[in-house]
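Visitor: here is the input, now give the coordinates:
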Amino acid sequence: MLVLVATTTIVLTVIARPVAHLTLTAWSDRDDRQPLPPGTVDDASHLNQTQVTIKQVKSQPRVTEVILQSVLRDALRQGKKVAIAGSNC
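Guide: You can find the predicted model right below:
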């Protein structure tokens, strides 16, 4: 009986701190993100808000090719970076 009480006490002592920490973290967690202004994106850390130009292209190969050439040419002239995201094929 004494061994059972001692074992239970040790297990509860070891488990109590992480459980209390996780419970407190979950209890105080809130979503306080502000909406981003139009024309900006941010990373997961919310520390890298960046101004962007978004070009949407249709699924017409010739039109898409002309738009992409124009975007790449303008980016090269202006020294800007290009990222491709959101493919909906």
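Visitor: got the residue ranges for the strands in the chain?
Guide: Counting by DSSP state E, residue ranges of the strands within the chain are 40-41, 50-51.
Visitor: below-threshold pLDDT in this protein: ranges please.
Guide: The model of the chain has pLDDT under 70 over residues 86-89.
Visitor: how about 90 then?
Guide: Low-confidence regions of the chain, defined by pLDDT under 90, span residues 1-6, 8-14, 16-17, 29-36, 38-68, 71, 80-89.
Visitor: could you point out the longest helix of it?
Guide: helix 2-28 (DSSP state H).
Visitor: for it, the distance to its chain's centre please.
Guide: Taking the mean of its C-alpha atoms, helix 2-28 sits 32 Å from the chain's own mean (C-alpha atoms, centre = their mean, to the nearest Å).
Visitor: rewinding a little: nearest to K81, of the strands of the chain?
Guide: Distances from K81 to each of those were compared using C-beta to C-beta; the shortest belongs to strand 50-51, at 9.6 Å. (C-beta placed from N, C-alpha, C; glycine too.)
Visitor: may I have the strands that pair with the closest one, each with its orientation?
Guide: Strand 50-51 has these partner strands in its sheet, going by DSSP bridges: strand 40-41 (antiparallel).
Visitor: dump the C-alpha coordinates for stretch 40-51 into PDB.
Guide: Taking only C-alpha atoms (Å, rounded to 0.1, in the frame of the first residue of the first chain), the coordinates of stretch 40-51 have been written out as PDB:
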ATOM      1  CA  THR A  40       0.600  42.900 -48.100                       C
ATOM      2  CA  VAL A  41       1.400  39.400 -46.900                       C
ATOM      3  CA  ASP A  42       2.900  38.100 -43.700                       C
ATOM      4  CA  ASP A  43       4.700  35.000 -42.500                       C
ATOM      5  CA  ALA A  44       3.600  32.700 -39.700                       C
ATOM      6  CA  SER A  45       5.600  34.600 -37.100                       C
ATOM      7  CA  HIS A  46       3.700  37.800 -38.000                       C
ATOM      8  CA  LEU A  47       7.100  39.600 -38.000                       C
ATOM      9  CA  ASN A  48       7.600  39.900 -41.800                       C
ATOM     10  CA  GLN A  49       4.900  42.000 -43.300                       C
ATOM     11  CA  THR A  50       5.800  42.700 -46.900                       C
ATOM     12  CA  GLN A  51       4.300  44.800 -49.700                       C
END
